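[1] I'll drop the sequence and a predicted model, then ask my questions.
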Amino acid sequence: MPSINERIAAKLARAFTKLAQPCQFTPSSGQASFSRSVHLPPTEIDRSNEYIQEPIALAEFLQQEGAVMADDVFELNGKQHRLTQLHTRDELTVSFIYIEL
């Protein structure tokens, strides 16, 4: 019987996949492209820098679907995006700042 933490993690992963959209993911390591889930939360302003308050765009990925690194590219709705900088990481997801190519 799975522990309570395993059950919670499984439920959170299912909730993430309901919110996420499938994208074509191309690792920068040269591996073949594959389909994985991505969630694009609403763009927010980075308030950590008081002089340049530009909005940042975040992309969240499930860690159980594979590794995510800076310079990886994902295609969503016909547009390509490159991951630039790690934003946050927890037990379930990893978030990167991305730019549109």
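    Looks like it came in fine. None of the values given here were measured: they were computed from a predicted structure.

[2] got a list of contacts for stretch 26-45?
    Here stretch 26-45 makes contact (CB atoms under 8 Å, 6 or more residues apart in numbering) with 16-17, 19-25, 53-62, 65-67, 69-76. C-beta here means a position set from N, CA and C on the backbone, and glycine is covered the same way.

[3] List only buried entries from these.
    Buried members of the contacts of stretch 26-45, scored by 16 or more other CB atoms under 10 Å, are 16, 20, 23, 25, 57-62, 65, 72-74, 76.

[4] Specify which member of the residues you listed is nearest to residue 93.
    For the buried ones among the contacts of stretch 26-45, the closest approach to residue 93 (CB to CB) belongs to residue 60, at 5.0 Å.

[5] how much space between residue 40 and residue 75?
    13 Å (CB to CB, to the nearest Å).

[6] To clarify, my last question referred to residue 91.
    Applying CB to CB, the value for residue 91 to residue 75 is 27 Å.

[7] next one: residue 16
    In this view, residue 16 and residue 75 are 20 Å apart by CB to CB.

[8] what do you get for residue 17?
    Separation of residue 17 from residue 75 (CB to CB): 18 Å.

[9] thinking again about what came up before, how about the buried ones among the contacts of stretch 26-45, which pair is most distant?
    Greatest spatial distance among the buried ones among the contacts of stretch 26-45 (CB to CB): 16 and 73, at 21.0 Å.
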